[in-house]
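Enquirer: give me coordinates for this.
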Amino acid sequence: MTIGSVAPSLDIEHWMGEEPSPMTGFEPGQVTVVEFWATWCGPCLYSMPHLAELQTRYRDEGLRVVSVSREDLETVTNFLDKEVPETILHPGEKEAETGESEEEPDEDQEPITYGELTSAYSLTTDPDASVHTEYMKAANQNGIPTAFIVGKDGHVEWIGHPMSMDSALEAVLNDQWDREAAKEEFEKETQMKLAYRELVLAQRAGKHELVAEMLEENTELFAASKYENAIESLAFANTLALGQAEKALATIEEKIAATPNDAVAISSWARSVAQAVRAGQMENEKVLQTTIDALESALAYQEENSPESLPNQWMAMNAMAYLQAAADDKEAAIEWQTRALEVAPEVRRRFLQPFLDELTSSDKEEESEETETAAETE
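Expert: Predicted coordinates for the structure are as follows:
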């Protein structure tokens, strides 16, 4: 399935609530959003107020929103009786970044259930997953929530995240949508998504020569796309894994020149250097030392010019610890990892502690071996 395909009929088993009434086919002149969701999917729940708002706003213009889960009826029925958290009804900017809401709950507002929230549109469940197969699988869509806009002539006009469909939906409703351009863009996006997935799988499987070939074959495909930075990082990691020191050094020098004083930016690729060295893939000392020098210089710059930013440098300090460990300087690695733990947000410390434990436990093992050797000698 792609943009321009005839939308399959909706053979849905359970329609929740009394209105609007169930449907199977698409009425001429009506625009339908077919959205796929699940009770366990956080982003799906955050999309619900938006879907309800769109249905209310465009109801008189012929919009019908239908949300489809493939969970069993009891699961969805029980879910609809639950109260909607304030963070879903009124998410703030701070919440998007930290999970904490900026807004105080409105004490005068009556709490509502998910059933009440979604009563504006058609919430459904289809346990045999027939509709999921005909839409999601057919269009190679693996994640939810995903929405399909079905146009006035029953053809698919747009596919994507429901929180990103406003402009497309408005254009379809107003007969201003360019289906052919949308199809071209969607098919290229699908091609990039599949190619990127194959690259990641090949990289994880250690097929580095194959990754290099695939990167060369898909250079034009990924150029100036949202995947460009991810591809650049993957290509650099692959260069290191192949032990291509000269190519790696050239890339490193370019990266340093681009952000010489940005410790966080440098740390984003420095960890790849450390991993490759520790794995025995990159044995060139200059590659490792150049990376250490660059990160150390950037951290010193931050400490001298923006000491207040040091709490934000914990990732860079952690990367430095890994680099020093790769250079067999355990004392320096422990020092940097300790600093990272001291400045990192509390929620991040549990991710940092294991590496420090690994570094210090090996010290204790060496001390124990030395003590045993001394005792045997005596």
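Enquirer: looking at the most centrally placed residue in the chain now. What's its pLDDT?
Expert: In the chain, the centroid-proximal residue (CA atoms, centre = their mean) is residue 143; its distance is 11.0 Å. On pLDDT, residue 143 comes in at 91.
Enquirer: please apply the same query to the one 5 residues further on.
Expert: Model confidence at residue 148, expressed as pLDDT, equals 98.
Enquirer: roughly how far apart are it and residue 68?
Expert: Note on residue 148: its distance to residue 68, by CB to CB, to the nearest Å, is 10 Å. All C-beta atoms are positioned from the backbone trio N, CA, C, and that covers glycine.
Enquirer: repeat for residue 327
Expert: Applying CB to CB to residue 327 and residue 68 gives a distance of 54 Å.
Enquirer: so between those two, which is more surrounded?
Expert: More crowded of residue 327 and residue 68, by other CB atoms under 10 Å: residue 68, with 26 against 18.
Enquirer: now for the protein, the helix or strand with the poorest mean pLDDT.
Expert: helix 93-98 (a mean of 40; mean pLDDT, DSSP states H and E).
Enquirer: for stretch 168-185, buried residues please.
Expert: 168-169, 171-173, 177, 179, 182-183 (16 or more other CB atoms under 10 Å).
Enquirer: dump that stretch to PDB, restricted to CA.
Expert: Once non-C-alpha atoms are left out, stretch 168-185 reads as follows in PDB (Å, rounded to 0.1, in the frame of the first residue of the first chain):
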ATOM      1  CA  ALA A 168      -2.100  17.400   5.200                       C
ATOM      2  CA  LEU A 169      -5.600  16.900   6.600                       C
ATOM      3  CA  GLU A 170      -6.600  20.500   6.000                       C
ATOM      4  CA  ALA A 171      -5.400  20.300   2.400                       C
ATOM      5  CA  VAL A 172      -7.300  17.100   1.700                       C
ATOM      6  CA  LEU A 173     -10.500  18.600   3.200                       C
ATOM      7  CA  ASN A 174     -10.100  21.700   1.100                       C
ATOM      8  CA  ASP A 175      -9.200  19.800  -2.100                       C
ATOM      9  CA  GLN A 176      -5.800  21.400  -2.200                       C
ATOM     10  CA  TRP A 177      -3.700  18.200  -1.700                       C
ATOM     11  CA  ASP A 178      -1.100  17.100  -4.200                       C
ATOM     12  CA  ARG A 179      -1.400  13.300  -4.100                       C
ATOM     13  CA  GLU A 180       1.300  12.600  -6.600                       C
ATOM     14  CA  ALA A 181       3.900  14.700  -4.800                       C
ATOM     15  CA  ALA A 182       2.900  13.100  -1.500                       C
ATOM     16  CA  LYS A 183       3.200   9.700  -3.000                       C
ATOM     17  CA  GLU A 184       6.700  10.400  -4.300                       C
ATOM     18  CA  GLU A 185       7.800  11.800  -0.900                       C
END
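Enquirer: can you list contacts of that stretch?
Expert: 2-4, 31, 33, 54, 58, 61-63, 149, 151-152, 155, 157-158, 160 (CB atoms under 8 Å, 6 or more residues apart in numbering).
Enquirer: and what of stretch 310-319?
Expert: Residues contacting stretch 310-319 (CB under 8 Å, 6+ apart): 263-264, 266-267, 270-271, 274, 295, 298-299, 302-303, 336-337, 339-341, 343-345, 348, 352, 355.
Enquirer: kindly report the same for stretch 225-245.
Expert: 192, 196, 199-200, 203, 206, 208-209, 211-212, 215, 222, 247-248, 251, 268-269, 272-273, 275-276, 279, 281-284, 286-287.
Enquirer: average pLDDT for it?
Expert: 95.
Enquirer: and it, C-alpha only, in PDB?
Expert: Taking Å, rounded to 0.1, in the frame of the first residue of the first chain, the C-alpha atoms of stretch 225-245 are listed here in PDB:
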ATOM      1  CA  SER A 225      17.400  13.900   4.500                       C
ATOM      2  CA  LYS A 226      16.500  13.500   8.200                       C
ATOM      3  CA  TYR A 227      18.700  10.400   8.200                       C
ATOM      4  CA  GLU A 228      21.800  12.300   7.200                       C
ATOM      5  CA  ASN A 229      23.300  12.700  10.700                       C
ATOM      6  CA  ALA A 230      22.500   9.100  11.700                       C
ATOM      7  CA  ILE A 231      24.100   7.800   8.500                       C
ATOM      8  CA  GLU A 232      27.200  10.000   9.200                       C
ATOM      9  CA  SER A 233      27.500   8.500  12.700                       C
ATOM     10  CA  LEU A 234      27.000   5.000  11.400                       C
ATOM     11  CA  ALA A 235      29.500   5.500   8.600                       C
ATOM     12  CA  PHE A 236      32.100   6.800  11.100                       C
ATOM     13  CA  ALA A 237      31.600   3.900  13.400                       C
ATOM     14  CA  ASN A 238      31.900   1.500  10.500                       C
ATOM     15  CA  THR A 239      35.200   3.100   9.400                       C
ATOM     16  CA  LEU A 240      36.500   2.600  12.900                       C
ATOM     17  CA  ALA A 241      35.300  -1.000  13.000                       C
ATOM     18  CA  LEU A 242      37.100  -1.700   9.700                       C
ATOM     19  CA  GLY A 243      40.300  -0.300  11.200                       C
ATOM     20  CA  GLN A 244      40.600   2.400   8.500                       C
ATOM     21  CA  ALA A 245      42.900   4.700  10.400                       C
END
